[in-house]
Structure formats: C-alpha cells, structure tokens
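[1] Sequence below, structure please.
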Amino acid sequence: MTVRILLTAFAICTFASAQAQRNTKSLDKLSPGTQTNTRLGSKSNTKATTLKASTADITMYQVISPKNDTTYIDTSLTIRKDYIFNYLRRDNFGLLPFANEGQTYNTLDFSLTRQNAMPGIGFAGKHFFYKEVEDINYYSVATPLTELYYKTVMEQGHSLDAFITLNTSKRHNFSIAYKGVRSQGKYVNQLTSSGNFRFTASYITKNKRYSLRAHMTAQDLLNYENGGIENIDDFESGDAAFTDRRRLSVYLPDAESILRGNRYYFNQQLVIAGKSDKTNLQISHEFTYEHKFSEYNQQTVNERFGAAYVPSNIKDKVRFNTMKNQLGVSFGNKKIGRIQPYAAFQNFNYFYRSIIVNDNDVIPASLKLEVASIGGNYTLHRDKIIFTADYFEGVTEKTSQLKANIMYRPNDRFTFSGSLENLSQIPDFQYNLFQSSFIDYNWSNNFVNQKINRISAFAETPWINASFQYNLINDYLYFRGQETTITSGQNFTRILTVNPEQHGKSISHFSIKLAKELTFGKFALDNTVLFQQVVQDDDILNVPDVVVRQSFYFSEYLFKRALFLQTGFTVNYFTSYFANNYNPVIGGFYVQNERKIGNFPLIDFFVNARVRQTRIYLKAEHFNSPLTGFNYYSAPDYPYRDFTVRFGLVWNFFQ
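    Below is the predicted model:
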C-alpha cells in the first residue's frame, strides 16, 4: 500500500471522527491549568470502556510509553504547551534549529545527545526527526480520539501531524498517524519535504495472561542542501540588496540528502505460572527488523568538497539493515519486585555497492556485525520509592551497559531521583566506513568503543526544579573539519574536508539546569537556565557555558470563560562558543575552532488561546532580528531564522 493510499484512508477516518463527535461536556470542564498525571513505571488499572464521551473521564485516555510510564491526554493550555509546539513535538530547549522547518538542529546541551551501546548507521544530523523504537507510544482510550497538529512554515508549505486511536474492544487498541512537513525556505536550495507514518497496535487477553504490542513505521526525510552561505559579510552587512535571502550565494545550488527507513516491531509477554497481578512467572519475546538508507545527491560538481571521481551527478548511497531477537524470563511479586534475565541476538549489515581502491588504501563495500548478549533488568516499587536497574553485556563483542535509577516521591509536590550509568558503545558504522564520490571523503577505520560514565540527579520542588549531570568520556568519537582557501587571481575557493577522529584522552562534562516559574496574579515569569563546563586538553567537545530561556506572559479567561488566553514574550540566549558546523555529505556536524557563534538574543512574541479542546498559537518569531544586527547563526555557515510570523493549532476530537 502506497503512502498516498494510507493518507487518503487516514483522512477519511479523521473526517468520520469529526463528524461523529458527541457531547463532551465533562471534558470541556477540564481547567486549562490541568497537568498530566504521571506514575513512572506503573500500569494503570483503568479499563477502557465504550462509554459515551459525556460520561468518560480524562484518565480513560491513556498514553503508554515503551517503558510502561502512563500519562493522560492533556488538553490544557500552559507555557509548557507553547514550548512543545514545534515540529519535534517536545521541548527543544538546548537545541538550536536551522533556518528552515524540518532541517537539523545544533546541540547546545550535550546531555541531549542520544547514547546507545549498539551501533547505528550514523548521519546523526539527519536523525532528529527519525522516530526510534523508544519514541513510539501506545494508547488505551474510552472512545475514539483524534489529534490534529498544524503549523505554517517559512515559505510555500505547511507542517502537519495527524493522529487517530481507538479501542475496538476493552483489550485491543490501534492507532495510525502521519507527520509531514514541506517548506520552501527563504534561502536558495533549502526545501524540506518529509513524511513519517506510524501504526501501533496493542492487545491483552481477557484473563491478562498474554499481551502484545506492535508497531510499524515508514519514514522519508528529504532535505535540499545548500551547504551554507558563501560570504557571511553579505549577510551581516544589513544591505537591503540581501534582505531577500535568495540573493545570497550558497555553496551548493542543487544538492539534496535523503534518509528513509521502514521498521517492524513487536513485543509479547505470556504468564506461564501465577496470576498477572500477583506473584507470577512470565516469558517475553521482542523482535525488531529495520531497513534504512542514507543518500546524498549533487548534480553539479564544484570544488567545495575537493576533487571528485565523477564530473557530475554524484550519488552517494549507503544501506543499513538490522534485526534483533530477544527472549527473556521474568519473575516477580509485590514484595521482592520483578527480575527479568534475557538473552538477545542482533545482526547489522552496513553496505555500499562498490569497492574503492585508491593510492593509499582499499575501501571495502560493507561492514557486518553480529552481537549476542545477555542481560537483565530489575524493578522494585516500595511505597513512595521506585528502583530500576538494567544491565547487559556482549558475549561475541565487547559492549556493555549498566543503568540504575532510584526515584523518591513523598507526595505530589516533591520528586527526587538519581541515576548511574556505565556505557561501552560500539562506534556507529559511519565512523569506520564511508564511501563518497568526493575523493577525500573515503575512509576505513577500526575505532575502539567509546566509554561514558554518567551520574545524574533531579529534584522537583515547589521552589525550584533542578537537574545535575556529570559525564566522563573516554575515546570520544567525532568529526574534524579542515577548510583550505585556494586563491586564483581575484577568485578564491574554500575547500572543506572532514574526517572521523577518536580522542584518546578523557573529557569531563558537567551541567546543571535550574527552572522556576514565578507568578504575580495574572502575570508569570518562567525561567530556565543551563550552566555547562567542559574539562579537556583539546577543544573537541564544544558547548556554550550558559543557555537561558525566559518567558514573561499574561493569562486570563475571556468571553464568560469560553476562551483562555496567554500572551507574552519568550527570550532565548546562549553565550558565544565554537559551535560545530554542518556538512551535508556526512549528514552531520564536525568540530571547528575558527568561528564563534552566539551572544545574541532571540525574542518571540506569542498569543495563545484555548477554546474547548482546541489550542491556537500565533507567534512572531525572532521579531528583534532587524534591531540587533545580522550576526545570528545556527552554525558558522548557516544563519538562524529571520523575523517571521507563524500560526498553528492543536485540535483534539473526543468522539
């Protein structure tokens, strides 16, 4: 079935749901200040029923994470909802977006970097919008639920995330969703066009002895790649001739990158002795198969990335297949908790269609890896304390991961948690093998595992929310960029080469984040500040010392409480630092120590409103840009967004 057919079917389902919407009086009575209710690590006993929406409670609309953390659908309007109203659909504090919607992000907060013991394909800059297994939620709803997200973009297009879920019975739920964006962008060759299809299903038998969760995804992420602007002086001059950004010269007028992937996943559990809610013995099976590829195309070959094997029509493509089978046995009861040992087998195949022979080396066509591992996890719920521990170790490969977390929640006003992690991470395949039509972008390596030891803590109190993290990193893997200028008469060419490197010494990263909202009647000031410090011999892991976000806003009910309004300003700021630059050939960022970015304010003005289950957002993004000078960048060669006005909404239908 093609994506077009799936979208048509989904649109019909959404229209039918809207037409069938019934009286939702009890849901409308939810206060705009209502917060989601989260019980980490617990399963809700609320049964999904076929009750009409007029008698359904919001706690009957559950969102269940892969780790069984349960929250409820939240139709409130808070400043947090404004923070997550973006294409990621999550708070992007610590991430700096590029100029066009659907492009990559520069990472300001190192703690947001995903770490996994098993290797991936690489191309990290392309994966911000790629949903992994841990990003897929499951649902249980009393009546069919639809959510529509819509937001305007920079030029000629829109951003959409449409979702519907329903329970066909008390024990069976499925959901279908499609997320897409198309935006022309304000610069030459900057179009983004991406689609993300998700389908989930969950089932549990009447006696609760067998349960199943499954999902499939089809993801297609396309970006035109202009390589950044050639002359930053033109951009920073403020000359009226260049305020039309399409007049700025870019490095690549006809390049593009593509990331596509399909995944099939299911997780099933069977109680073989005892009762599901008491002392019992279970067996579990988890299966994942995923195929993805990354492709870089460039029709006209210039000298930006050096000499090439071909005179035109570059097409670099790498494929990646992985399959995982995991079988486990678990035993548990309320007194001793639950312990689950397991054995897993995972294979990886990363491959090109050619072998490259050059003067110094032979670049093979593929890398294959098979990893057999054993491990286990333990969970204990004791009154107000939740303790979890996970450990696994490779049998056929040297890799391991140990994670332990404890959370103490004496009441609804206080939460304290702390965690330890020790990780030995197999390098992503892109570090060890890369082929390209550009001669200097070919390598074959044998890097050792990257090791990370992490300590973190979190406290949520009525006075302040605080989080702390310390990372000790050994054998850090990164890309190093080198730019060479070649002059010929009055013309010059900047040639950029990038190579993977491994830092043989230790790097320490320390961060503390503080957050607090102060209220003054109908006014509020929401503050978030991040402090970071890196101890290293060389400037490799570069992050800003301080990142700040402050929102000052006004809230009020209007029209006999039919409308709830929030309006105000949000200011984002980070100190200057040697930010990583972006390279489209490798689909990721590389370290540079020549140009700093930062030390400029980003001020947004917003007007948000809630009418029943609809949240409406109007925002003037970076409206201070004409006043503070054109020295704002997302990366050294990539300007940040200019002033623009954007509109959007999130609309829930409870049938």
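
[2] can we go C-alpha only for contacts and neighbour counts from here?
    Noted.

[3] What is the neighbour count of residue 462?
    As a burial measure, residue 462 scores 10 neighbours (other Cα atoms under 10 Å).

[4] let's number from 9 now, not from 1
    Right, with 9 as the first residue, what we last looked at is residue 470.

[5] my guess is it contacts residue 421, does it?
    Yes - at 6.2 Å, residue 470 and residue 421 qualify as touching, with contact defined as Cα atoms under 8 Å.

[6] Kindly confirm my reading that residue 379 is in a helix.
    No - per DSSP: H, G, I helix; E, B strand; the rest coil, residue 379 lies outside any helix segment and is strand.

[7] Report pLDDT for it.
    Reported pLDDT at residue 379 in the predicted model: 96.

[8] Where do the strands of the stretch 59-208 of the chain begin and end?
    Per DSSP state E, counting those that start in this stretch, the stretch 59-208 of the chain carries strands over the ranges 70-72, 78-80, 103-105, 113-115, 146-148, 153-160, 166-175, 180-191, 200-212.

[9] In TSV, list these along with mean pLDDT.
    Shown next, in TSV, are the strands of the stretch 59-208 of the chain (pLDDT from 0 to 100):
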stretch	mean pLDDT
strand 70-72	92
strand 78-80	89
strand 103-105	97
strand 113-115	97
strand 146-148	95
strand 153-160	96
strand 166-175	96
strand 180-191	96
strand 200-212	96
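
[10] for the chain, which strand is longest?
    Of all segments of type strand in the chain, defined using DSSP state E, the longest is strand 499-528.

[11] Relative to residue 511, which of the strands of the stretch 59-208 of the chain is closest?
    The minimum distance between residue 511 and these falls on strand 113-115, with 19.7 Å, by Cα to Cα.

[12] returning to what we had before: for the strands of the stretch 59-208 of the chain, which one ends up most surrounded?
    Greatest average neighbour count among the strands of the stretch 59-208 of the chain goes to strand 146-148 (a mean of 25), per mean count of other Cα atoms under 10 Å.

[13] just checking, what packs against it?
    strand 70-72, strand 166-175, strand 180-191, strand 200-212 (3 or more Cα pairs under 8 Å, 6 or more residues apart in numbering; DSSP states H and E).

[14] and with 10 Å instead?
    Where contact means 3 or more Cα pairs under 10 Å, 6 or more residues apart in numbering; DSSP states H and E, strand 146-148 is packed against strand 70-72, strand 78-80, strand 166-175, strand 180-191, strand 200-212, strand 218-233.

[15] May I see these organised as TSV, with distance to residue 661 added?
    Output for the helices and strands packed on strand 146-148, formatted as TSV (distance: least, Cα to Cα, whole Å):
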stretch	distance to residue 661
strand 70-72	15
strand 78-80	15
strand 166-175	9
strand 180-191	14
strand 200-212	19
strand 218-233	23
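
[16] The ones you listed: which one's closest to residue 267?
    Per Cα to Cα, nearest to residue 267 of the helices and strands packed on strand 146-148: strand 218-233, 5.1 Å.

[17] how many neighbours does residue 628 have?
    Counted by other Cα under 10 Å, the residues lying close to residue 628 total 17.

[18] What's the separation between it and residue 611?
    Distance of residue 628 to residue 611, given as Cα to Cα, to the nearest Å: 9 Å.

[19] Overlap in contacts, the two.
    Residues touching both residue 628 and residue 611 (Cα atoms under 10 Å, 6 or more residues apart in numbering) are 577, 651.

[20] Centre-most residue in this structure?
    By Cα atoms, centre = their mean, the mean C-alpha position of the chain lies nearest to residue 136, the distance being 4.6 Å.

[21] Low-confidence ranges, the stretch 309-458 of the chain, go.
    Low-confidence segments of the stretch 309-458 of the chain (pLDDT under 70): none present.

[22] ok, back up a step: return the residues in contact with the residue nearest to the centre of the chain.
    Residues in contact with residue 136 (Cα under 10 Å, 6+ apart) are 96, 110, 111, 112, 113.

[23] Would you quantify the distance from residue 182 to residue 134?
    Separation of residue 182 from residue 134 (Cα to Cα) stands at 29 Å.

[24] swap that for residue 67, sorry
    Residue 67 is 36 Å from residue 134, by Cα to Cα.

[25] Please say which of these two ends up with more neighbours.
    A direct count of neighbours by other Cα under 10 Å for residue 67 and residue 134 places residue 134 higher, at 23 against 20.

[26] right, and the more buried one touches residue 200 too?
    No - at 11.9 Å, residue 134 does not count as touching residue 200 under the criterion of Cα atoms under 10 Å.

[27] So for these two, which residues contact both of them?
    What both residue 134 and residue 200 touch, as defined by Cα under 10 Å, 6+ apart, is the set 110, 111, 229, 230, 231, 265.
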